[in-house]
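Engineer: no letters, just coordinates:
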């Protein structure tokens, strides 16, 4: 009896991996091969054609987003098993893959990449290209982000201190930032990359500050202005659609930038750091919350770079600290929050699954599938220490070197 397509694929994969198949595979003819548990479902031969023309992560992503490939069972467990095996195909392996594709009738024209892939033009990190990159992700749909997140609209790691509730974790994160900054009534706060205004609203309502937030996302700016009016804060809090490079002629008692530094690029980071320094008054504090990553895939990998955050650059924590010190900052505290991002992202993923039909109605089936991959993979990356996130507290010393900082961690 001839071998099924599933068994031929399994045998090839096991030879390349040098061990047993981590997940099962089921092909378009209904035949299955591999261990119990998560099963990769190849709905048609085009699913393999994606991999033939774009081997690895990008081909898998395109096949999944297009709906030609699916996963039955626990997607997180499937990711966890597969991530342990990341082989590089040799010329011999690729030749064998071509011959197998021919036997399985996979050959054909390369499929057109899904429309949801980012297609940016121009030199990276020019003003126009940065606006396009940010728009690709953040201007997706305010209604979708409202569906996904809690009422604060905080799109960054929460701070989980014994609570199982996302809203509380985000409140506690915002409060922790305000305490680290030492905010008091009447102080002026600048939020660079203010998102939908979560920190601005919290700081103004609970700490009595005046504040300015800047974002280059049109949707975020509009939503932020609406929120300020709803909370009767528009007389002392302002949201601007403005790039950090356009900030000038003002000074603030405190500056925050929460998970925005990933978007400025490595070459532009010194400009970003010096801008944060320049906008602060002497003895003013900076709170920077930022994701980190080692030398491998600083943009997050092919899937993230094409579908989620084009032009993003994550850097090791040490490099960020070096940039800040070069700009003139004194580093006062570093608080690792990597483990806190795991329940944050999984709470968003749970919400997506619970409201799947609503999400599809807002961003389409392909868009929802992109977000499912993004959230499942992101939570696992933080869990397995392939990505980190840290809060960095720094100060601009005065001319005599005084920091104005307390001797103890009063925010702890």
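Structural biologist: Ah, there it is. Everything quoted here is computed from the prediction, not taken from an experiment. Numbering: from 1, shown residues only.

Engineer: where does the stretch 201-350 of the chain have low pLDDT?
Structural biologist: Scanning the stretch 201-350 of the chain for pLDDT under 70 picks out no residues.

Engineer: one more time with 90
Structural biologist: 294-297 (pLDDT under 90).

Engineer: how about the contacts made by residue 256?
Structural biologist: Contact analysis of residue 256 by Cβ atoms under 8 Å, 6 or more residues apart in numbering lists 177, 181, 189-192, 199, 286-289. Just so you know, the C-beta spots here come from the backbone N, C-alpha and C atoms, and that holds for glycine as well.

Engineer: what's the answer for residue 153, then?
Structural biologist: Going by Cβ under 8 Å, 6+ apart, residue 153 touches 145-146, 195-198, 223, 227.

Engineer: give me the distance between stretch 364-374 and the centre of its chain.
Structural biologist: Centroid displacement of stretch 364-374 relative to its chain, using Cα atoms, centre = their mean, to the nearest Å, is 14 Å.

Engineer: so which bits of it are buried?
Structural biologist: 366-374 (16 or more other Cβ atoms under 10 Å).

Engineer: ditto for stretch 294-311
Structural biologist: Of the residues in stretch 294-311, 297-311 count as buried by neighbour count, 16+ other Cβ under 10 Å.

Engineer: nearest to residue 216 among those residues?
Structural biologist: Of all the buried residues of stretch 294-311, residue 216 sits closest to residue 311, with 12.6 Å by Cβ to Cβ.

Engineer: give me the neighbour count for residue 232.
Structural biologist: If you count neighbours by other Cβ atoms under 10 Å, residue 232 ends up with 10.

Engineer: ok, it to residue 205 distance?
Structural biologist: Distance, residue 232 to residue 205, by Cβ to Cβ, to the nearest Å: 10 Å.

Engineer: how about residue 52, secondary structure?
Structural biologist: helix (DSSP: H, G, I helix; E, B strand; the rest coil).

Engineer: work out for me the element the closest residue to it other than its chain neighbours sits within.
Structural biologist: Sequence neighbours aside, residue 101 is the residue nearest to residue 52 in space, at 5.5 Å (criterion: Cβ to Cβ, 6 or more residues apart in numbering). Secondary structure assignment for residue 101, by DSSP states H and E: helix 91-103.

Engineer: neighbouring contacts of that helix?
Structural biologist: Contacts with helix 91-103, where a contact means Cβ under 8 Å, 6+ apart, come from 8-9, 12, 15-16, 48-49, 52, 55, 87, 89, 107.

Engineer: give the next helix or strand downstream of the helix or strand residue 48 falls within.
Structural biologist: Element membership for residue 48, per DSSP H and E: helix 46-53. Counting by DSSP H and E, the next helix or strand C-terminal to helix 46-53 is helix 57-66.

Engineer: next structured bit after that next one?
Structural biologist: Per DSSP H and E, the first helix or strand lying C-terminal to helix 57-66 is strand 69-72.

Engineer: now do the helices in the stretch 101-250 of the chain.
Structural biologist: For the stretch 101-250 of the chain, the helices defined by DSSP state H, counting those that start in this stretch occupy 127-138, 142-148, 166-181, 198-207, 218-230.

Engineer: averaged pLDDT, the second one. What do you get?
Structural biologist: Same thing as helix 142-148. Mean per-residue pLDDT for helix 142-148: 98.
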